[in-house]
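Q: My questions are about this predicted structure, shown below with the sequence.
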Amino acid sequence: MAIYDLLLSNLRLAAEYLWWQELVPYTWLTAGAVCVISIIYVIYCLYFAPLCNIPGSTISKLTSAKMNLHAILGLISEFSEEEYYSRGDIFTMSPNAVAISNPADCRTILSTHRFVKSEMYAGFDGHEPNIFSMRSPDVSRVRRRQVGPAFANSYLNDMEPIILECGIHAIKEKWNKELASSPSGMATICYALHFSMVTFDIIGALGFGQRFNALRDDKSKMVRWVEDYNKLAMARLAYSGAHSFPTNLLLRRLMKSKDEFLAFGMAAAELRREQLRRGDIEKPKDLLQILIDGQDPDSKAKMTDTQVTAENTIFMVAGSDTTSLTMTWTLHYLLLHPEVYHKVTAEVRREFPRHHLITYAEGKARLPYLDACIFESMRVRPVSGVPMPRIVPEGGATFQGHFLPAGTMLGVNVCGFNHHQGIWSNPRQFIPERFLNDEKAKNNILTFSAGVRVCPGRVLAQYEMITIIANMLKDYDFSLPADSLFTPNRLDKHGNPLTMPRFQSLTVGPKYPERDCRVVIAAAPEY
Ligand code: HEM
């Protein structure tokens, strides 16, 4: 037995020795080949690749690691803003992707369907592509014509009672309750959270015909569904194969949640059709009804139930966080700029009596400074901070003197555009006066995108923002809590009040909302 063991161990040693001996030359050969290929790759990327002469960091010309890392850390909007300041109108984000901030170029890209949306948008598909994710220009044109009537001013006016009920009325109910139970007559609330719930409730009521009462109950299943939908889309953005085997195994919970969300959307559409068929209700004026009735005037095509579901769910995803975060940044900037806060509050209280409910039309007509504050907050801190990805078509395209071959990914840099030094002086500074009574200036921001795929919900968003912020400033006084980390006197390296750190998932919000978005409210004095 001992001899057998000895023999076996000697044989094993010899085998290991021979195995290494044989592999050594191959290892060197492989390492050598990898080195040579890497050197060739680096030389090609830096000196010969089509995008090699475009400004950008060396690492961005070699890999997409820098962009991906910023995306994972939630810093992509800061990255695209700072890269604009340091590199200018065009810069490389990865070996096959550039970001463009030049206003004329951005308009060229967005004004027609030549530069289609990139594959990345597929992450937002429902059971089928929706108005946001579809890439085909023809299909997009039809869908935009079908849903267009929902966002016409006359229809938005008809929806205003729901916007007010789920918006400012719900906020006042919540805040008044807090104040009533506070002996000091003051209460500290987290405005980011409340704005978020309120926009879920508004789009939920308009898009599904149901009240979710997320603000009253502090959370609803809708909030989780939308969070999960976004996470799934982010996974697809980070890795295009994320939804397929084997990575899909890791995303099973999110996929199940998305299925539940879509099933809910489908049930809402079916219920509405059934209620109308039975004559239980009069045709409501809301987004769901437009989706059901929406007809392309050219082809006369209406949407199937699956298409209605794809749309009402994407309205919720695209229309909730965007609006609530814009309100969050606006209030944050007002609190950091007391002179602006006092001016805008004075405007609201001068124009409207204390117990008057301000409607959108009234606010828009009589509160130009408030409107300017919202636009300035959308300019300086656009919630849609990711460079919007488009693809260079056959034949290529030239921007800023650089030829970009077909297939190059073009990121339309919203942050770069909104901070463009050719348009704005002191672009980092919060100065609402830039927009005061200047309708043209409002076209010089890309926060709602522009051109053929411009945000269709932009006026609806303004209905929500104007009615909520105007009535809020009229009815409550706001002040920062004593332990606030971000105050008017704490300045950044450019001499502006330091803003709370941001985090970009699909939209740009506060990184620590519970810490940084607290505000002390008190009932405004009678006047
Ligand atoms: C302040 C609020 C909002 C902001 C900042 C905003 C911003 C944007 C931006 C930048 C885009 C273009 C995205 C891209 O091409 O990658 C977009 C598209 C879109 N938005 Fe909004 N949005 C807001 C509110 C809303 C609302 C309330 C709705 C609807 C309920 C909505 C529905 C959509 C839809 C459906 C698209 C896709 C349009 C298309 O591709 O043809 N948005 N939005």
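A: That came through fine.

Q: How confident was the prediction at Leu250?
A: pLDDT for Leu250: 86.

Q: same question, Leu29
A: For Leu29, the predicted pLDDT is 86.

Q: and it, how far is that from the ligand?
A: 47 Å (CB to the nearest ligand atom, to the nearest Å). Every residue, glycine included, has its C-beta placed from N, CA and C.

Q: Just the element for that residue, please.
A: Element membership for Leu29 (DSSP states H and E) is helix 2-43.

Q: before we move on, what about Gly411?
A: Per DSSP H and E: strand 409-412 holds Gly411.

Q: Only alpha carbons, please: show the helix or strand that that strand is followed by as PDB.
A: Next helix or strand after strand 409-412 toward the C-terminus (DSSP H and E): helix 414-418. Only the C-alpha atoms of helix 414-418 are listed here, as PDB (Å, rounded to 0.1, in the frame of the first residue of the first chain):
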ATOM      1  CA  VAL A 414     -29.000  68.400 -21.600                       C
ATOM      2  CA  CYS A 415     -26.700  69.600 -18.800                       C
ATOM      3  CA  GLY A 416     -24.200  71.000 -21.300                       C
ATOM      4  CA  PHE A 417     -26.900  72.700 -23.300                       C
ATOM      5  CA  ASN A 418     -28.600  74.300 -20.200                       C
END
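
Q: Buried residues, helix 414-418. List them.
A: 414-418 (16 or more other CB atoms under 10 Å).

Q: what does that helix contact?
A: 77, 80-81, 83-84, 89, 99-101, 103, 106, 378-380, 382, 384-388, 424, 427, 445-447, 449 (CB atoms under 8 Å, 6 or more residues apart in numbering).

Q: hmm, it in reach of the ligand?
A: No: Helix 414-418 is not in contact with the ligand by CB under 6 Å from any ligand atom; minimum separation 6.6 Å.

Q: With the ligand in mind, check whether the following helix or strand past that helix reaches it.
A: Next along the chain after helix 414-418, taking DSSP H and E as the criterion, comes helix 439-442. No: legend: contact between helix 439-442 and the ligand by CB under 6 Å from any ligand atom is lacking; minimum distance shown is 13.0 Å.

Q: quick one: low-confidence parts of the protein?
A: 1-24 (pLDDT under 70).

Q: Tell me the residues of this structure that contact the ligand?
A: 131-132, 140, 144, 203, 314-315, 318-319, 322-323, 326, 383-384, 388, 447-449, 453, 455-457, 460-461.

Q: which stretch of helix or strand covers Ser154?
A: Assigned by DSSP H and E, Ser154 falls in helix 153-164.

Q: So which elements touch the helix or strand following that helix?
A: The helix or strand immediately downstream of helix 153-164 is helix 170-180, counting by DSSP H and E. Judged by 3 or more CB pairs under 8 Å, 6 or more residues apart in numbering; DSSP states H and E, helix 170-180 is in contact with strand 186-190, helix 191-208, helix 214-217, helix 458-475, strand 518-523.

Q: Might you name the residue of the protein sitting closest to the ligand?
A: Gly457 (2.1 Å; CB to the nearest ligand atom).

Q: Quick check, Ser324 in contact with Cys190.
A: No: contact status for Ser324 versus Cys190: not in contact, 11.9 Å apart, counting by CB atoms under 8 Å.

Q: So for these two, which sits in the more crowded spot?
A: The neighbour count for Ser324 versus Cys190, taken as other CB atoms under 10 Å, is higher for Ser324 (27 against 17).

Q: Can you verify the more buried one is assigned to a helix?
A: Yes: under DSSP: H, G, I helix; E, B strand; the rest coil, Ser324 falls within a helix.

Q: quick one: it and Thr398, what's the gap?
A: Plainly put, Ser324 is 40 Å away from Thr398 if you go by CB to CB, to the nearest Å.

Q: Please state the offset of stretch 201-208 from the chain centre?
A: From the chain centre to the centre of stretch 201-208 is a distance of 19 Å (CA atoms, centre = their mean, to the nearest Å).

Q: Touching that stretch from outside, list them.
A: By CB under 8 Å, 6+ apart, the list of residues contacting stretch 201-208 reads 159, 162-163, 165-167, 170, 210-215, 220, 222, 264-265, 268, 286-288, 291, 312-313, 315-316, 319-320, 464.

Q: try 6 Å
A: Outside stretch 201-208, the residues that touch it by CB atoms under 6 Å, 6 or more residues apart in numbering are 159, 162-163, 166-167, 211-212, 214-215, 222, 268, 286-288, 312, 315-316, 319-320, 464.

Q: and if you look at stretch 263-281?
A: Contacts of stretch 263-281 (CB under 6 Å, 6+ apart): 208-209, 288, 305, 308-309, 312-313.

Q: let's see 10 Å
A: If you take CB atoms under 10 Å, 6 or more residues apart in numbering as the criterion, stretch 263-281 is touched by 126-127, 204, 207-210, 221-222, 225, 282-284, 286, 288-289, 291-293, 303-316.

Q: do the same with stretch 147-160
A: 130-131, 144, 163, 167, 202, 205-207, 284-291, 293-297, 303, 311, 315, 359-361, 455-464, 467.

Q: how far does it stretch from start to finish?
A: Terminal residues of stretch 147-160 are spaced 18 Å apart (CA to CA, to the nearest Å).

Q: What segments of the stretch 301-450 of the chain are helices?
A: Taking DSSP state H, counting those that start in this stretch as the test, the helices found in the stretch 301-450 of the chain are 305-319, 321-336, 338-351, 360-366, 368-380, 414-418, 439-442.

Q: in the first one, what counts as buried?
A: Just to be clear, that refers to helix 305-319. The neighbour-count check on helix 305-319 (16+ other CB under 10 Å) flags 307-319 as buried.

Q: orientation of it relative to helix 458-475 in degrees?
A: For helix 305-319 against helix 458-475, the angle by axes from the mean of the first three to the mean of the last three CA atoms, to 10 degrees is 40 degrees.

Q: elements contacting helix 305-319?
A: Helix 305-319 is packed against helix 137-147, helix 191-208, helix 221-238, helix 252-278, helix 287-293, helix 458-475, with contacts defined by 3 or more CB pairs under 10 Å, 6 or more residues apart in numbering; DSSP states H and E.

Q: could you redo the last one with a cut-off of 8 Å?
A: Contacts defined by 3+ CB pairs under 8 Å, 6+ apart place helix 305-319 against helix 191-208, helix 221-238, helix 252-278, helix 287-293.

Q: Okay then, goodbye and thanks.
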